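> okay, here's the prediction I keep looking at, along with the sequence it came from:
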Amino acid sequence: AQTVTQSQPEMSVQEAETVTLSCTYDTSESDYYLFWYKQPPSRQMILVIRQEAYKQQNATENRFSVNFQKAAKSFSLKISDSQLGDAAMYFCAYRSAKTSGSRLTFGEGTQLTVNP
Amino acid sequence: GAGVSQSPSNKVTEKGKDVELRCDPISGHTALYWYRQRLGQGLEFLIYFQGNSAPDKSGLPSDRFSAERTGESVSTLTIQRTQQEDSAVYLCASSLRGSGRTSSTGELFFGEGSRLTVL
């Protein structure tokens, strides 16, 4: 079974600074997706960024980028120029790309605080 | 609607009562998921529906929990004889199809959840 581990329960960053959230995962599969979701107090899970395992290039979405290390099974999220609106719980998630595997497996989350 | 819709948004019930939570997925999404999120914790998989295939019920914590989905439309999660440990936010999500490269992005789209409080 796949597992996802986020070793940082809480992180804080100053507004306009950069912060990196860590995520590691365990799988025996070679083809899969990795995601970072953001959950603000409204409870709505919002997709931040997505990475397909067969792509070597790290995904980037505006101020958000990932460092995907497939051999190390590591998938960290970097937030540049942090804004107050980035404050939320961030979840790392894994999903198999096989036809038979489909659920998202989540880590325990990292609570990000952005200080003005 | 354009997104995943869940109701009720909040539900307070007494221990021992039954509750039903509803999820209306995005139109055209064949896959539907239920997750449970206890306070301050991650998401715990409950059940997954894909089209007319048999659902994956492997995450249901006890036989008090059940879910139904008719075709590719609305799903209902039922909790019988509720206990205080059932208190949580129940999140529903949908996607274009269960998995596989042809599912394009693999992304799940989530509703805002139903917060259940069992007194």
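Now that the structure is in, tell me what you want to look at.
> spit out the contact partners of A:Ala53.
A:Ala53 makes contact with A:Ser30, A:Asp31, A:Tyr32, A:Tyr33, A:Leu34, A:Phe68, A:Lys70, A:Ala97, according to CB atoms under 8 Å, 6 or more residues apart in numbering or on different chains. Bear in mind the C-beta positions are built from the backbone N, C-alpha and C, glycine included.
> got a list of what the nearest residue to B:Gln37 once chain neighbours are set aside touches?
Nearest non-adjacent residue to B:Gln37, counting by CB to CB, 6 or more residues apart in numbering or on different chains: B:Val89, 4.6 Å away. Contact analysis of B:Val89 by CB under 8 Å, 6+ apart lists A:Arg43, B:Arg36, B:Gln37, B:Gly113, B:Ser114, B:Arg115, B:Leu116.
> so B:Val89 bridges to which residues?
Beta-bridge partners recorded for B:Val89 (DSSP bridges): B:Gln37, B:Arg115.
> any idea how far it lies from B:Arg81?
Distance, B:Val89 to B:Arg81, using CB to CB, to the nearest Å: 20 Å.
> who does the helix or strand bottoming out on mean pLDDT in chain A pair up with?
Sorting the helices and strands of chain A by mean pLDDT, DSSP states H and E puts strand A:104-106 at the bottom, at a mean of 91. Sheet pairing of strand A:104-106 (DSSP bridges) gives strand A:88-96 (antiparallel).
> buried residues in the strand it pairs with?
Across strand A:88-96, burial judged by 16 or more other CB atoms under 10 Å in any protein chain shown covers A:Ala88, A:Met89, A:Tyr90, A:Phe91, A:Cys92, A:Ala93, A:Tyr94, A:Arg95, A:Ser96.
> same check, this time on stretch A:16-29
Neighbour counts over stretch A:16-29 (16+ other CB under 10 Å) mark A:Val19, A:Leu21, A:Ser22, A:Cys23, A:Thr24, A:Tyr25, A:Thr27 as buried.
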